[in-house]
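Q: Need the 3D shape of this:
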Amino acid sequence: MQIVSGSTKECEMWFFNIFLMTLQKNVGLWNNLIAFYMKHEHYDMALEFFKQMHIEGISPNIITYACTLKDCSNIRPFKRAEKYIV
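A: Presented below is the predicted three-dimensional model:
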């Protein structure tokens, strides 16, 4: 899978292009995008996509919350995530 083996920048471009080309964005697509940014410690981007998901009317599921909170172990990203989730 490219997300695991490729460079972060390559994966980001590839994944973001797929995201943009997809006409109907479902919760699974949002979850993967959020998980990608969390995995690579781009917490700000992940939380922005989490917020955008809400704006576009997509309801998060348990996986969305797990992806969003899993890697927010340091207090700064967790405090930011908390305002979207609580």
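Q: which regions of this protein lie under the pLDDT threshold?
A: The model of the chain has pLDDT under 70 over residues 1-7, 70-86.
Q: center of it, which residue is that?
A: Residue closest to the average C-alpha location in the chain (C-alpha atoms, centre = their mean): residue 34, at 0.9 Å.
Q: got the contact list for the host helix or strand of that residue?
A: Assigned by DSSP states H and E, residue 34 belongs to helix 27-39. With C-beta atoms under 8 Å, 6 or more residues apart in numbering as the test, helix 27-39 has contacts from 3, 11-12, 15-16, 19, 22, 43, 45-46, 49-50, 53, 58-61, 63-64, 67-68, 70-72. Placement of C-beta: from N, CA and C, glycine included.
Q: ok, 6 Å please
A: 3, 15, 19, 45-46, 49-50, 53, 58, 61, 63-64, 67, 71 (C-beta atoms under 6 Å, 6 or more residues apart in numbering).
Q: C-alpha coordinates for that helix, PDB please?
A: Taking C-alpha atoms only, helix 27-39 is exported to PDB below (Å, rounded to 0.1, in the frame of the first residue of the first chain):
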ATOM      1  CA  VAL A  27     -17.400   8.500   5.900                       C
ATOM      2  CA  GLY A  28     -14.800   5.900   4.900                       C
ATOM      3  CA  LEU A  29     -13.000   8.300   2.600                       C
ATOM      4  CA  TRP A  30     -12.900  11.000   5.300                       C
ATOM      5  CA  ASN A  31     -11.700   8.400   7.800                       C
ATOM      6  CA  ASN A  32      -8.800   7.400   5.600                       C
ATOM      7  CA  LEU A  33      -7.800  11.000   4.900                       C
ATOM      8  CA  ILE A  34      -7.900  11.900   8.600                       C
ATOM      9  CA  ALA A  35      -6.000   8.700   9.600                       C
ATOM     10  CA  PHE A  36      -3.300   9.500   7.000                       C
ATOM     11  CA  TYR A  37      -2.600  12.900   8.400                       C
ATOM     12  CA  MET A  38      -2.700  11.700  12.000                       C
ATOM     13  CA  LYS A  39      -0.300   8.800  11.200                       C
END
